[in-house]
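Asker: pasting a predicted model and its sequence here:
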Amino acid sequence: MSTIQTKQNTTTNTSALQESLNRQIAGWSVLYTKLHNFHWYVKGPHFFTLHAKFEVLYNLTTANMDEVAERLLMIGGRPVATIAEQLHLSPIAEVQGQLSAEQMVEQVIADLNAMLSVIHQGIYEAGEAEDNATEDILIGFTAALDKEIWMLNAFLGK
């Protein structure tokens, strides 16, 4: 492969990685807001447990969003930073209506699985771009999300 072809492939791979990272930033942003909604509006016998858990999750979401945005800047990208961009790119939809505590947990599980899908795409794109640092960051996210999904399913008795 010529030097010009290698440079074009690297640019293409980096561009795809940057797009993938921006989808993650958008998803984390929408999830952050959704988790606050659940944190504020959860009711019922599981209030204390879920109120605290949703706070843990929105703090995790903030840390992940910030880490991805900073990594994106390091590799020459521009993180999406408006609500309109985030809603457009997010794999997660805003919450609609009032949900029961169990429905909130089911929604969070679905959203974390959606984020895992986008993260797996990012791991692939990072590998294609030969960006081991980004790949490592994203692999770390998967372990943490797998655990959260497992715990939330256990909460639901699944």
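Answerer: Nice, thanks for sending it over. Numbers count the residues shown, from 1 in each chain.
Asker: when you work out contacts or count neighbours from here on, use the C-alpha atoms and nothing else.
Answerer: Noted.
Asker: where does the chain have low pLDDT?
Answerer: Scanning the chain for pLDDT under 70 picks out the ranges 1-12.
Asker: show me what counts as buried in the biggest helix by length in it.
Answerer: Secondary structure of the chain per DSSP state H: the longest helix is helix 3-41. Across helix 3-41, burial judged by 16 or more other CA atoms under 10 Å covers 13-32, 34-39.
Asker: for the helix or strand just after that helix, the distance to its chain's centre please.
Answerer: Using DSSP states H and E, the next helix or strand after helix 3-41 towards the C-terminus is helix 47-74. The chain centre lies 9 Å from the centre of helix 47-74; the measure is CA atoms, centre = their mean, to the nearest Å.
Asker: equivalent analysis for stretch 65-77, please.
Answerer: Offset of stretch 65-77 from its chain centre (CA atoms, centre = their mean): 13 Å.
Asker: using CSV, list the CA coordinates for that stretch.
Answerer: Taking C-alpha atoms only, stretch 65-77 is exported to CSV below (Å, rounded to 0.1, in the frame of the first residue of the first chain):
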residue,chain,number,x,y,z
MET,A,65,-19.1,11.6,28.6
ASP,A,66,-16.3,13.9,29.7
GLU,A,67,-13.7,11.2,29.1
VAL,A,68,-14.9,10.5,25.6
ALA,A,69,-15.1,14.3,24.8
GLU,A,70,-11.6,14.9,26.0
ARG,A,71,-10.3,11.9,24.0
LEU,A,72,-12.1,13.2,20.9
LEU,A,73,-10.4,16.6,21.4
MET,A,74,-7.0,14.8,21.7
ILE,A,75,-7.4,13.1,18.4
GLY,A,76,-8.5,16.3,16.6
GLY,A,77,-12.3,16.0,16.8
